[in-house]
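>>> here are the coordinates; sequence isn't available:
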């Protein structure tokens with residue numbers, strides 16, 4: 001749980017702001033994110049359709065809840 005509190009988004013981003021390949025993410029990221037949503041963005045219709053982007057959404061773990069659990073675990077009574 002301590003690792004979750006110390007998660008930093010820079011660990012999973014390239015210098016250009018894009019996501020690193022998941023295989024390059026630290027283990028704490030790979031095992032604790034709540035979800036990863038990918039959406040293709042298209043323009044045009046029928047045969048004229050073109051992929052213009054990819055929307056990526058990362059669902060972070062619930063840090064306040066995890067900190068509360070950590071506090072209880074170490075008998076801090078958070």
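Happy to help now that I have it. The structure presented is a predicted model; accordingly, all values stated were derived computationally and were not measured.

>>> next, work out how far apart residue 66 and residue 46 are.
For residue 66, the distance to residue 46 (Cβ to Cβ, to the nearest Å) stands at 48 Å. All C-beta spots, glycine's among them, are computed from the backbone N, C-alpha and C.

>>> higher neighbour count, those two?
More crowded of residue 66 and residue 46, by other Cβ atoms under 10 Å: residue 66, with 17 against 5.

>>> the helix or strand containing the more buried one packs against which elements?
Under the criterion DSSP states H and E, the helix or strand holding residue 66 is helix 63-73. Helix 63-73 sits against helix 2-5, with contacts defined as 3 or more Cβ pairs under 8 Å, 6 or more residues apart in numbering; DSSP states H and E.

>>> for the spatially most central residue of the chain, which three-state class applies?
By Cα atoms, centre = their mean, the chain has its centre lying nearest to residue 58, at 3.5 Å. Under the three-state scheme (DSSP: H, G, I helix; E, B strand; the rest coil), residue 58 adopts strand.

>>> ok, what's across the strand from it?
residue 36 (DSSP bridges).

>>> in this structure it contacts residue 36, no?
Yes. With contact defined as Cβ atoms under 8 Å, residue 58 counts as touching residue 36 (5.8 Å).

>>> how much space is there between the residue sitting furthest away from the middle of the chain and residue 40?
Centroid-distance maximum for the chain: residue 47 at 33.9 Å, with Cα atoms, centre = their mean. The gap separating residue 47 from residue 40 is 17 Å, by Cβ to Cβ.

>>> circling back to that earlier point, quick check on the residue farthest from the centre of the chain: phi, psi?
phi -70, psi -10 (degrees, to the nearest 10).
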